[in-house]
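Participant: The sequence isn't on hand, but the structure is:
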């Protein structure tokens, strides 16, 4: 790697791993790699999971916390209640005219009777070999995150702690999420859901659960409140504890969430908001397929602008992109430069090449190729590209970008139209309208930052007739196509501006 122009590596467990993950043998090999890196003046970054998504520690977390299993609420509509259920329902509602009655505590009175019943059962993810024979976990619970950090990062700390902030600059988290298990009729669930919702919004979510699926009652309000609560729980119970652990232990917290799902909130209600809790926020840019669609990767300027904008606002100098995975064994230097140049023009300045396989035996041969290794016929010539992107990274990291236009991303507007059960034309059109607007700005070479409503809430103020968001000040705020909702605090801030 050093001979090919690389300044460092990320140790990345993947499918095909033979050495038991987080075993003493694994940790000793990691220490050997760090010692080799130190002797060569190279950086050796940690990766926090055995494959991905981050949070389950290769199965160790669910093994030690069986109740941490990822769960969801599954809705079933019934015309008659059965005498028994396979699983005890969490909530049972009966619809009378346009109102719902909670009959959970006296189900037996309605057994065998006809009616319009909505049954909500807790759906638990089934064990999978991907999760080490266990399941993914509930990251809406702080104690789950703390267990993960203790098992994973404290193991590395015991082995490599003296190199934290030195040869080991930081740690990469990969696609941690809160997406519920199961099909389209399942929503996110955590044991504290109903209590937390009541405390935050002042009303009982149970009686309004159908509004998350159907246009019943005050469905826009309920959906907005539900996904805002999930975002708050995800930030407070995953992002902040992780960020604080890294800060306290002299580690750079980097990696990425699943930024390609916007405007759907199922996997992550607002990935841009989570960038505020990363020392070096990041994205991924997989494959080599150009597309301008909202869920695209290469070609999706919105995803990169979210990253750069949050970095500008939070004062983060470096922005990472995990790039080239699944680009194919035949990805050429021309393709690699084209993808990288596009990202750098939009605001990336740290290239994390995905991936280098020690071996392509078995599953690894088809696991998101290409490979930055001797398996590629161009590997001997790679210093040409490595040096180019190294110089470009330095150049793009020296100054600061000063934009004077803020475009508010209509994320909470999208929440109101999302249903896990049915497709929404309004949601799809909202996503496309905003995506087209962003690309129109890019085509006209207008410089701007995107604004997460959550970041605006926590870091926004008015200063000398300018709207300040963290380290940035804006003269003009744009309410773009698709924006149909702002929270009262953001409205008050904009009125003051």
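Facilitator: Noted; the coordinates are in hand. Just so it is clear, the model here is predicted, and its values are computed rather than measured. Numbering: from 1, shown residues only.

Participant: quick one: the helices in the stretch 251-400 of the chain?
Facilitator: Remark: helices assigned in the stretch 251-400 of the chain by DSSP state H, counting those that start in this stretch are 271-274, 301-314, 333-346, 383-395.

Participant: what's the most buried one of these?
Facilitator: Neighbour counts (mean count of other CB atoms under 10 Å) averaged over each of those peak at helix 271-274, with a mean of 26. For the C-beta atoms, the positions are set from N, CA and C on the backbone; glycine is no exception.

Participant: got the helices of the stretch 251-400 of the chain as TSV, with mean pLDDT and distance to residue 411 columns?
Facilitator: Converted to TSV, the helices of the stretch 251-400 of the chain look like this (pLDDT from 0 to 100; distance: least, CB to CB, whole Å):
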stretch	mean pLDDT	distance to residue 411
helix 271-274	97	8
helix 301-314	98	10
helix 333-346	98	19
helix 383-395	98	30
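
Participant: Residue 434 is nearest to which of these?
Facilitator: Closest of those to residue 434 is helix 301-314, at 7.4 Å (criterion: CB to CB).

Participant: I'd like the helices of the stretch 251-400 of the chain as a markdown table, with distance to residue 30 appended.
Facilitator: Shown next, in a markdown table, are those (distance: least, CB to CB, whole Å):
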| stretch | distance to residue 30 |
| --- | --- |
| helix 271-274 | 27 |
| helix 301-314 | 28 |
| helix 333-346 | 28 |
| helix 383-395 | 24 |
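
Participant: Could you check how far stretch 487-497 is from the centre of its chain?
Facilitator: Between the centre of stretch 487-497 and the centre of its chain there are 27 Å (CA atoms, centre = their mean, to the nearest Å).

Participant: Give me the average confidence score over it.
Facilitator: Stretch 487-497 comes out with an average pLDDT of 95.

Participant: Flag every buried residue along that stretch.
Facilitator: 490, 493, 494, 497 (16 or more other CB atoms under 10 Å).

Participant: Tell me where the stretch 351-497 of the chain has strands.
Facilitator: Residue ranges of the strands in the stretch 351-497 of the chain, as given by DSSP state E, counting those that start in this stretch, are 405-408, 449-451, 460-463, 466-469, 472-474, 476-478.

Participant: The fifth one pairs with which strands, parallel or anti?
Facilitator: Strand 472-474 sits in its sheet next to strand 466-469 (antiparallel), going by DSSP bridges.

Participant: Tell me the secondary structure at residue 51.
Facilitator: coil (DSSP: H, G, I helix; E, B strand; the rest coil).

Participant: so where do the strands sit in the stretch 201-350 of the chain?
Facilitator: 252-256, 280-285, 320-323, 350-353.

Participant: mean confidence score for the first one?
Facilitator: Mean per-residue pLDDT for strand 252-256: 98.

Participant: Which parts of the stretch 1-150 of the chain are helices?
Facilitator: Remark: helices assigned in the stretch 1-150 of the chain by DSSP H, counting those that start in this stretch are 24-40, 60-64, 142-160.

Participant: Can you check which of the ones you listed gets nearest to residue 335?
Facilitator: Using CB to CB, the helices of the stretch 1-150 of the chain put helix 24-40 closest to residue 335, at 29.0 Å.

Participant: so which of the helices of the stretch 1-150 of the chain comes closest to residue 76?
Facilitator: Smallest distance to residue 76 across these (CB to CB): 26.1 Å, for helix 60-64.

Participant: Flag every buried residue along that closest one.
Facilitator: Buried positions in helix 60-64, judged by neighbour count with 16+ other CB under 10 Å: 60, 61, 62.

Participant: ok, these vs residue 360, which is closest?
Facilitator: Distances from residue 360 to these, taken by CB to CB, are shortest for residue 60, at 27.4 Å.

Participant: gap between the closest one and residue 158?
Facilitator: Look at residue 60 and residue 158: by CB to CB, to the nearest Å, they are 15 Å apart.

Participant: so where's the stretch 351-497 of the chain shaky on pLDDT?
Facilitator: Per-residue confidence of the stretch 351-497 of the chain (counting by pLDDT under 70) places no residue in a weak region.

Participant: now with 90?
Facilitator: The model of the stretch 351-497 of the chain has pLDDT under 90 over residues 362-366, 463-464.

Participant: Same question for the stretch 201-350 of the chain.
Facilitator: Scanning the stretch 201-350 of the chain residue by residue, none of them satisfies pLDDT under 90.

Participant: For the residue nearest the centre of the chain, give me its contacts.
Facilitator: Geometric centre of the chain, nearest residue: residue 257, 2.4 Å, by CA atoms, centre = their mean. Counting by CB atoms under 8 Å, 6 or more residues apart in numbering, residue 257 makes contact with 175, 176, 177, 268, 271, 274.

Participant: Skipping adjacent residues, who's closest to it in space?
Facilitator: Distances taken as CB to CB, 6 or more residues apart in numbering place residue 271 nearest to residue 257, at 4.3 Å, with adjacent residues excluded.

Participant: roughly how far apart are that neighbour and residue 483?
Facilitator: Counting by CB to CB, the separation of residue 271 from residue 483 is 18 Å.

Participant: quick revisit: and of the contacts of residue 257, the nearest to residue 339?
Facilitator: Relative to residue 339, and with distances defined as CB to CB, the nearest of these is residue 175, at 19.7 Å.

Participant: Next up, the contacts around the residue lying closest to the closest one once chain neighbours are set aside.
Facilitator: Once flanking residues are discounted, residue 175 sits nearest to residue 53: 4.1 Å by CB to CB, 6+ apart. For residue 53, the residues meeting the contact criterion (CB under 8 Å, 6+ apart) are 136, 174, 175, 176, 177.
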